[in-house]
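# Show me how the following folds:
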Amino acid sequence: MSPISVAIAGATGDLGRRVVRRFLSPEYFPSQVAEVKFFTRDASSAASQELIDLGVKAIETGISAESFKNVDVFVSVQGEGTSLEERNAYVKAAGEAGVKVYIPTEFGIDYRKLPFEHPVWELKLAHDTYARSVSGGKLKVVSIYVGLFLDDTFPVGTALGLDTPGRVYTSVLSAETAVSFLSRDDIARGLAQLVSRVRGEEIKVETMGEEEAKAAIKAGNFWVALRYTMGYGLTDFSKENANEIINPGESIWKWKTVQEYVEETKGVAPENKQLRRE
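You can find the predicted model right below:
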(Lines give C-alpha, C1' and ligand atoms only; values in the text may rest on other atoms or scores of the structure.)
Protein backbone atom coordinates (compact mmCIF):
# COMPACT_ATOMS: atom_id res chain seq x y z
CA MET A 1 0.00 0.00 0.00
CA SER A 2 1.53 3.30 -1.07
CA PRO A 3 1.57 6.17 1.47
CA ILE A 4 -0.97 8.87 0.71
CA SER A 5 -1.01 12.66 0.51
CA VAL A 6 -3.51 14.58 2.66
CA ALA A 7 -4.66 18.20 2.26
CA ILE A 8 -6.49 19.99 5.07
CA ALA A 9 -8.68 23.09 5.15
CA GLY A 10 -9.05 24.70 8.56
CA ALA A 11 -5.78 23.24 9.85
CA THR A 12 -4.88 26.29 11.94
CA GLY A 13 -7.94 25.93 14.19
CA ASP A 14 -7.99 23.98 17.44
CA LEU A 15 -9.35 20.76 15.94
CA GLY A 16 -7.25 21.26 12.82
CA ARG A 17 -3.99 21.41 14.76
CA ARG A 18 -4.88 18.23 16.61
CA VAL A 19 -5.66 16.48 13.33
CA VAL A 20 -2.36 17.61 11.78
CA ARG A 21 -0.34 16.39 14.77
CA ARG A 22 -2.08 13.03 14.66
CA PHE A 23 -1.33 12.61 10.96
CA LEU A 24 2.32 13.45 11.68
CA SER A 25 2.61 10.97 14.55
CA PRO A 26 5.01 8.02 14.02
CA GLU A 27 2.02 5.70 13.85
CA TYR A 28 1.03 7.16 10.47
CA PHE A 29 3.87 9.32 9.16
CA PRO A 30 5.56 8.58 6.82
CA SER A 31 4.65 4.89 6.44
CA GLN A 32 0.96 5.53 5.71
CA VAL A 33 0.70 9.30 5.29
CA ALA A 34 3.60 10.53 3.18
CA GLU A 35 2.66 14.20 3.01
CA VAL A 36 0.38 16.64 4.83
CA LYS A 37 -0.57 19.98 3.27
CA PHE A 38 -2.84 22.77 4.47
CA PHE A 39 -4.67 25.65 2.86
CA THR A 40 -3.91 29.11 4.22
CA ARG A 41 -4.51 32.69 3.18
CA ASP A 42 -1.37 33.84 5.00
CA ALA A 43 1.57 31.45 5.30
CA SER A 44 3.46 34.05 7.35
CA SER A 45 0.93 34.06 10.20
CA ALA A 46 1.96 32.58 13.54
CA ALA A 47 -0.61 29.78 13.25
CA SER A 48 0.60 28.83 9.77
CA GLN A 49 4.26 29.00 10.77
CA GLU A 50 3.57 26.63 13.65
CA LEU A 51 2.37 24.01 11.16
CA ILE A 52 5.13 24.72 8.66
CA ASP A 53 7.70 24.18 11.42
CA LEU A 54 6.20 20.73 11.95
CA GLY A 55 6.88 19.87 8.30
CA VAL A 56 3.44 20.62 6.86
CA LYS A 57 3.40 22.20 3.40
CA ALA A 58 1.38 25.41 3.04
CA ILE A 59 -0.92 25.85 0.03
CA GLU A 60 -1.32 29.58 -0.50
CA THR A 61 -2.35 29.55 -4.16
CA GLY A 62 -6.09 29.70 -3.58
CA ILE A 63 -8.75 27.11 -4.33
CA SER A 64 -8.13 25.36 -7.65
CA ALA A 65 -7.61 21.91 -9.10
CA GLU A 66 -3.89 22.73 -9.30
CA SER A 67 -3.76 23.26 -5.53
CA PHE A 68 -5.01 19.68 -5.08
CA LYS A 69 -2.43 18.15 -7.42
CA ASN A 70 -1.29 14.69 -6.25
CA VAL A 71 -3.59 14.83 -3.20
CA ASP A 72 -5.37 11.58 -2.29
CA VAL A 73 -7.53 12.75 0.63
CA PHE A 74 -9.04 16.16 1.41
CA VAL A 75 -10.13 16.82 5.00
CA SER A 76 -12.07 19.92 5.99
CA VAL A 77 -12.12 20.98 9.64
CA GLN A 78 -13.30 24.50 8.91
CA GLY A 79 -15.50 26.38 11.34
CA GLU A 80 -19.22 27.03 11.06
CA GLY A 81 -18.56 30.49 9.64
CA THR A 82 -17.31 29.03 6.36
CA SER A 83 -19.75 29.91 3.59
CA LEU A 84 -21.50 27.38 1.39
CA GLU A 85 -19.79 28.92 -1.65
CA GLU A 86 -16.33 28.35 -0.19
CA ARG A 87 -17.10 24.79 0.89
CA ASN A 88 -18.45 23.98 -2.57
CA ALA A 89 -15.45 25.60 -4.27
CA TYR A 90 -13.08 23.37 -2.31
CA VAL A 91 -14.90 20.14 -3.10
CA LYS A 92 -15.34 21.09 -6.77
CA ALA A 93 -11.60 21.69 -7.15
CA ALA A 94 -10.83 18.47 -5.30
CA GLY A 95 -13.09 16.50 -7.63
CA GLU A 96 -11.54 18.08 -10.72
CA ALA A 97 -8.06 17.16 -9.46
CA GLY A 98 -8.95 13.51 -8.98
CA VAL A 99 -8.87 13.46 -5.18
CA LYS A 100 -10.14 10.07 -4.02
CA VAL A 101 -11.76 10.84 -0.66
CA TYR A 102 -13.33 13.94 0.88
CA ILE A 103 -14.17 14.25 4.57
CA PRO A 104 -16.32 17.37 5.08
CA THR A 105 -16.42 19.41 8.26
CA GLU A 106 -19.19 17.63 10.17
CA PHE A 107 -18.24 16.05 13.52
CA GLY A 108 -21.59 16.89 15.08
CA ILE A 109 -25.16 15.65 14.86
CA ASP A 110 -26.69 13.63 12.03
CA TYR A 111 -28.73 16.51 10.61
CA ARG A 112 -30.27 14.28 7.95
CA LYS A 113 -32.78 13.10 10.57
CA LEU A 114 -33.81 16.48 11.96
CA PRO A 115 -37.58 17.01 12.45
CA PHE A 116 -37.15 20.76 11.83
CA GLU A 117 -35.05 23.17 9.77
CA HIS A 118 -32.17 25.32 11.00
CA PRO A 119 -29.75 27.48 8.92
CA VAL A 120 -26.60 25.84 10.35
CA TRP A 121 -27.66 22.34 9.37
CA GLU A 122 -29.45 23.38 6.19
CA LEU A 123 -26.10 24.73 4.95
CA LYS A 124 -24.36 21.47 5.78
CA LEU A 125 -27.07 19.45 4.06
CA ALA A 126 -26.83 21.60 0.94
CA HIS A 127 -23.06 21.16 0.83
CA ASP A 128 -23.28 17.41 1.42
CA THR A 129 -25.73 17.08 -1.47
CA TYR A 130 -23.47 19.12 -3.75
CA ALA A 131 -20.31 17.24 -2.71
CA ARG A 132 -21.85 13.88 -3.56
CA SER A 133 -22.87 15.13 -7.00
CA VAL A 134 -19.51 16.42 -8.26
CA SER A 135 -17.15 14.32 -10.37
CA GLY A 136 -19.92 11.93 -11.30
CA GLY A 137 -19.63 10.23 -7.94
CA LYS A 138 -15.91 9.45 -8.38
CA LEU A 139 -15.05 11.49 -5.29
CA LYS A 140 -15.95 9.42 -2.23
CA VAL A 141 -17.54 11.58 0.47
CA VAL A 142 -17.25 10.31 4.05
CA SER A 143 -19.32 12.25 6.59
CA ILE A 144 -18.50 11.66 10.26
CA TYR A 145 -21.16 12.30 12.91
CA VAL A 146 -19.94 12.13 16.52
CA GLY A 147 -22.68 13.80 18.55
CA LEU A 148 -21.44 16.59 20.82
CA PHE A 149 -17.88 17.81 21.36
CA LEU A 150 -16.97 16.71 24.87
CA ASP A 151 -14.50 19.59 25.20
CA ASP A 152 -17.22 22.19 24.58
CA THR A 153 -20.16 20.72 26.45
CA PHE A 154 -19.44 21.82 30.02
CA PRO A 155 -17.72 25.11 29.10
CA VAL A 156 -20.89 26.07 27.21
CA GLY A 157 -22.80 25.12 30.33
CA THR A 158 -26.24 26.64 30.77
CA ALA A 159 -26.71 27.13 27.01
CA LEU A 160 -26.96 23.34 26.87
CA GLY A 161 -28.93 23.17 30.10
CA LEU A 162 -25.92 22.19 32.21
CA ASP A 163 -25.74 24.34 35.34
CA THR A 164 -23.07 22.43 37.22
CA PRO A 165 -22.40 25.10 39.89
CA GLY A 166 -26.15 25.29 40.55
CA ARG A 167 -26.45 21.49 40.37
CA VAL A 168 -29.34 21.76 37.89
CA TYR A 169 -29.45 19.97 34.53
CA THR A 170 -32.33 20.85 32.20
CA SER A 171 -33.22 18.65 29.24
CA VAL A 172 -35.30 19.49 26.19
CA LEU A 173 -37.73 16.57 25.81
CA SER A 174 -36.80 13.38 27.68
CA ALA A 175 -33.90 13.42 30.14
CA GLU A 176 -33.71 9.65 29.69
CA THR A 177 -32.45 9.92 26.10
CA ALA A 178 -28.79 8.94 25.69
CA VAL A 179 -26.38 11.48 24.19
CA SER A 180 -23.06 10.74 22.46
CA PHE A 181 -19.92 12.77 23.18
CA LEU A 182 -16.45 12.67 21.65
CA SER A 183 -13.34 14.67 22.50
CA ARG A 184 -11.38 16.60 19.89
CA ASP A 185 -8.37 14.34 20.44
CA ASP A 186 -10.46 11.26 19.76
CA ILE A 187 -11.91 12.87 16.64
CA ALA A 188 -8.35 13.45 15.43
CA ARG A 189 -7.40 9.86 16.24
CA GLY A 190 -10.43 8.52 14.41
CA LEU A 191 -9.75 10.69 11.37
CA ALA A 192 -6.15 9.56 11.12
CA GLN A 193 -7.11 5.91 11.46
CA LEU A 194 -9.80 6.26 8.81
CA VAL A 195 -7.63 8.19 6.37
CA SER A 196 -4.74 5.75 6.76
CA ARG A 197 -6.95 3.07 5.19
CA VAL A 198 -7.20 4.97 1.91
CA ARG A 199 -5.01 3.48 -0.79
CA GLY A 200 -2.60 5.72 -2.63
CA GLU A 201 -2.94 3.76 -5.86
CA GLU A 202 -5.73 2.32 -7.97
CA ILE A 203 -6.66 -1.37 -7.80
CA LYS A 204 -7.94 -2.95 -10.97
CA VAL A 205 -10.45 -5.80 -10.64
CA GLU A 206 -10.68 -8.08 -13.65
CA THR A 207 -12.86 -11.11 -14.35
CA MET A 208 -11.93 -14.28 -16.21
CA GLY A 209 -14.88 -15.67 -18.14
CA GLU A 210 -16.23 -19.17 -17.55
CA GLU A 211 -15.23 -20.45 -20.99
CA GLU A 212 -11.63 -19.30 -20.58
CA ALA A 213 -11.47 -20.70 -17.04
CA LYS A 214 -12.80 -24.12 -18.01
CA ALA A 215 -10.33 -24.32 -20.89
CA ALA A 216 -7.47 -23.68 -18.46
CA ILE A 217 -8.86 -26.24 -16.01
CA LYS A 218 -9.14 -28.82 -18.77
CA ALA A 219 -5.51 -28.14 -19.62
CA GLY A 220 -4.59 -29.04 -16.02
CA ASN A 221 -4.22 -25.60 -14.42
CA PHE A 222 -4.87 -26.26 -10.72
CA TRP A 223 -4.77 -22.61 -9.67
CA VAL A 224 -7.47 -21.61 -12.13
CA ALA A 225 -9.51 -24.57 -10.87
CA LEU A 226 -9.14 -23.28 -7.31
CA ARG A 227 -10.04 -19.74 -8.39
CA TYR A 228 -13.12 -21.17 -10.14
CA THR A 229 -14.32 -22.63 -6.82
CA MET A 230 -13.87 -19.18 -5.27
CA GLY A 231 -15.97 -17.47 -7.92
CA TYR A 232 -18.54 -20.26 -7.76
CA GLY A 233 -19.08 -19.64 -4.04
CA LEU A 234 -17.63 -22.91 -2.74
CA THR A 235 -15.21 -21.12 -0.40
CA ASP A 236 -17.77 -18.82 1.24
CA PHE A 237 -18.30 -20.06 4.80
CA SER A 238 -19.30 -16.68 6.21
CA LYS A 239 -22.89 -17.77 6.96
CA GLU A 240 -22.61 -21.52 7.46
CA ASN A 241 -19.75 -22.51 9.76
CA ALA A 242 -18.95 -23.97 13.18
CA ASN A 243 -16.99 -20.98 14.46
CA GLU A 244 -19.21 -20.51 17.52
CA ILE A 245 -18.76 -24.14 18.53
CA ILE A 246 -14.97 -24.03 18.24
CA ASN A 247 -14.32 -20.48 19.44
CA PRO A 248 -17.49 -18.91 20.96
CA GLY A 249 -17.50 -15.16 20.43
CA GLU A 250 -13.74 -15.31 19.83
CA SER A 251 -13.41 -15.88 23.59
CA ILE A 252 -10.55 -18.38 23.20
CA TRP A 253 -8.57 -16.56 20.53
CA LYS A 254 -9.15 -13.88 17.90
CA TRP A 255 -9.42 -15.10 14.31
CA LYS A 256 -6.88 -13.46 12.02
CA THR A 257 -8.55 -11.48 9.24
CA VAL A 258 -7.44 -11.05 5.64
CA GLN A 259 -6.87 -7.36 6.33
CA GLU A 260 -4.59 -8.10 9.28
CA TYR A 261 -2.58 -10.60 7.25
CA VAL A 262 -2.21 -8.22 4.30
CA GLU A 263 -1.08 -5.43 6.62
CA GLU A 264 1.59 -7.76 8.04
CA THR A 265 2.83 -9.07 4.70
CA LYS A 266 2.01 -6.12 2.40
CA GLY A 267 0.04 -8.60 0.31
CA VAL A 268 3.06 -10.51 -0.97
CA ALA A 269 4.46 -13.88 0.03
CA PRO A 270 7.69 -14.01 2.07
CA GLU A 271 10.66 -15.15 0.00
CA ASN A 272 10.76 -18.52 1.75
CA LYS A 273 7.07 -19.20 1.17
CA GLN A 274 6.65 -18.99 -2.59
CA LEU A 275 4.22 -21.80 -3.39
CA ARG A 276 4.60 -23.78 -6.58
CA ARG A 277 2.20 -26.31 -8.04
CA GLU A 278 2.37 -27.47 -11.59
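# quick one, strands of the protein?
Here the chain has its strands, by DSSP state E, at 4-9, 33-39, 57-59, 73-76, 101-103, 140-141, 148-149, 162-163, 168-169, 181-182.
# helices and strands around the fourth one, which ones?
Using 3 or more C-beta pairs under 8 Å, 6 or more residues apart in numbering; DSSP states H and E as the contact test, the elements touching strand 73-76 are strand 4-9, helix 84-97, strand 101-103, helix 184-195. Bear in mind the C-beta positions are built from the backbone N, C-alpha and C, glycine included.
# hmm, try it at 6 Å
Contacting strand 73-76 under the criterion 3 or more C-beta pairs under 6 Å, 6 or more residues apart in numbering; DSSP states H and E are the following elements: strand 4-9, strand 101-103.
# Direction included, what does that strand pair against?
Strand 73-76 sits in its sheet next to strand 4-9 (parallel), strand 101-103 (parallel), going by DSSP bridges.
# what does it rub up against?
Identification of contacts with strand 73-76 by C-beta atoms under 6 Å, 6 or more residues apart in numbering yields 4, 6-10, 94, 99, 101-105, 195, 198.
# Scan the residues you listed and report the most crowded one.
When neighbours are taken as other C-beta atoms under 10 Å, the top entry among the contacts of strand 73-76 is residue 6 (30 neighbours).
# sorry, back to before: including distance to residue 219 and mean pLDDT, could the helices and strands packed on strand 73-76 go into CSV?
Shown next, in CSV, are those (distance: least, C-beta to C-beta, whole Å; pLDDT from 0 to 100):
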stretch, distance to residue 219, mean pLDDT
strand 4-9, 41, 97
strand 101-103, 43, 96
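# now those as JSON lines including distance to residue 48?
Below are the helices and strands packed on strand 73-76 laid out as JSON lines (distance: least, C-beta to C-beta, whole Å):
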{"stretch": "strand 4-9", "distance to residue 48": "12"}
{"stretch": "strand 101-103", "distance to residue 48": "21"}
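# Go through those and name the closest to residue 86.
The closest of these to residue 86 is strand 4-9. By C-beta to C-beta, the value is 8.7 Å.
# can you give me the angle that closest one makes with helix 84-97?
Using axes from the mean of the first three to the mean of the last three C-alpha atoms, to 10 degrees, one finds that strand 4-9 and helix 84-97 are set 160 degrees apart in direction.
# Show me how far strand 4-9 is from its chain's centre.
Between the centre of strand 4-9 and the centre of its chain there are 12 Å (C-alpha atoms, centre = their mean, to the nearest Å).
# could you give the angle of that strand to strand 33-39?
Using the same axes, to 10 degrees: strand 4-9 against strand 33-39 is 20 degrees.
# thinking again about what came up before, figure out which of the helices and strands packed on strand 73-76 is closest to residue 56.
Nearest to residue 56, of all these, is strand 4-9, at 8.2 Å by C-beta to C-beta.
# which outside residues touch the closest one?
Counting by C-beta under 6 Å, 6+ apart, residues outside strand 4-9 touching it are 33, 35-39, 70-76, 78, 90, 198, 200.
# rerun at 7 Å
Applying C-beta atoms under 7 Å, 6 or more residues apart in numbering, the contact partners of strand 4-9 are 16, 19-20, 23, 33-39, 59, 68, 70-78, 90, 195, 198, 200.
# Narrow these to those that are buried.
Using 16 or more other C-beta atoms under 10 Å as the burial test, those include 16, 19-20, 23, 33-39, 59, 68, 71-78, 90, 195, 198, 200 as buried.
# any idea how far residue 205 lies from residue 60?
Note on residue 205: its distance to residue 60, by C-beta to C-beta, to the nearest Å, is 39 Å.
# Ok, residue 233 next?
Separation of residue 233 from residue 60 (C-beta to C-beta): 54 Å.
# Which one's more surrounded, these two?
residue 60 (13 against 7).
# what's the closest non-adjacent residue to the more buried one?
Distances taken as C-beta to C-beta, 6 or more residues apart in numbering put residue 43 closest to residue 60, at 4.8 Å, once the chain neighbours are dropped.
# Cool, thanks, talk later.
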